[in-house]
Structure formats: C-alpha cells, structure tokens
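Undergrad: I'll drop the sequence and a predicted model, then ask my questions.
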Amino acid sequence: MGDWRGAGMNDEQRLAAYDAFARDAREELAGCNARMEALRAEGKTKTATYRQLFANRMTLADIVRRLEDHGL
C-alpha cells in the first residue's frame with residue numbers, strides 16, 4: 001500500500017494542495033448557497049434539486065468549519 005498522505009509531495013506541495021482544497025470547498029459552498037437562494041426566490045424549496053443542494057451545503061459547511069478550526 002502507498003502512503004495516503006501525498007506520496008511524492010514535499011511539505012510545501014502538500015500545503016499548497018490543502019490550500020487549494022480549502023479554496024475549492026469555500027467556492028463550492030458559495031456556489032451552492034447562490035443556487036439555493038435562486039431556487040428559494042422561485043419558490044422551489046420542495047424540489048429534489050433544492051434538497052440535494054441543502055445536503056451538499058451541510059457537508060461543505062462542515063468541511064469549511066473543520067478547515068477553519070485548523071487554520072486553513
């Protein structure tokens with residue numbers, strides 16, 4: 001089995017990867033919030049799409065919170 005912690009990456013590369021992951025998670029959360037707001041404005045809060053976005057938002061918000069807890 002290989003090393004799951006970024007095999008072949010030095011500390012600087014690994015930090016850059018974490019920073020990119022944190023940025024992507026925040027951007028995805030913002031996009032999810034925007035799509036939900038648009039659906040809410042259209043009165044489509046009971047749709048499957050809205051509910052899936054809600055679940056995604058909960059997951060992304062938890063990821064972002066954990067990143068912030070660790071200073072990322």
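TA: Thanks, I have the structure now. Numbering: from 1, shown residues only.

Undergrad: OK, contacts around the nearest residue to residue 28 once chain neighbours are set aside?
TA: Closest residue to residue 28 in three dimensions, ignoring its sequence neighbours and counting by Cβ to Cβ, 6 or more residues apart in numbering: residue 60, at 5.7 Å. Yep, even glycine has a C-beta here, placed from its N, CA and C like the rest. Contacts here follow Cβ atoms under 8 Å, 6 or more residues apart in numbering; on that basis residue 60 touches 25, 28-29, 32.

Undergrad: neighbour count, pLDDT and distance to residue 69 for these - can I get that in CSV?
TA: Formatted as CSV, the entries for these read as follows, by neighbours: other Cβ atoms under 10 Å; pLDDT from 0 to 100; distance: Cβ to Cβ, whole Å:
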residue, neighbour count, pLDDT, distance to residue 69
25, 19, 98, 13
28, 16, 98, 18
29, 17, 99, 15
32, 20, 98, 20
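
Undergrad: okay, and the residue nearest to residue 28 sits in which element?
TA: Element membership for residue 60, per DSSP states H and E: helix 48-69.

Undergrad: so how far is that helix from its chain's centroid?
TA: Here helix 48-69 shows a centroid-to-chain-centroid distance of 7 Å under the convention Cα atoms, centre = their mean, to the nearest Å.
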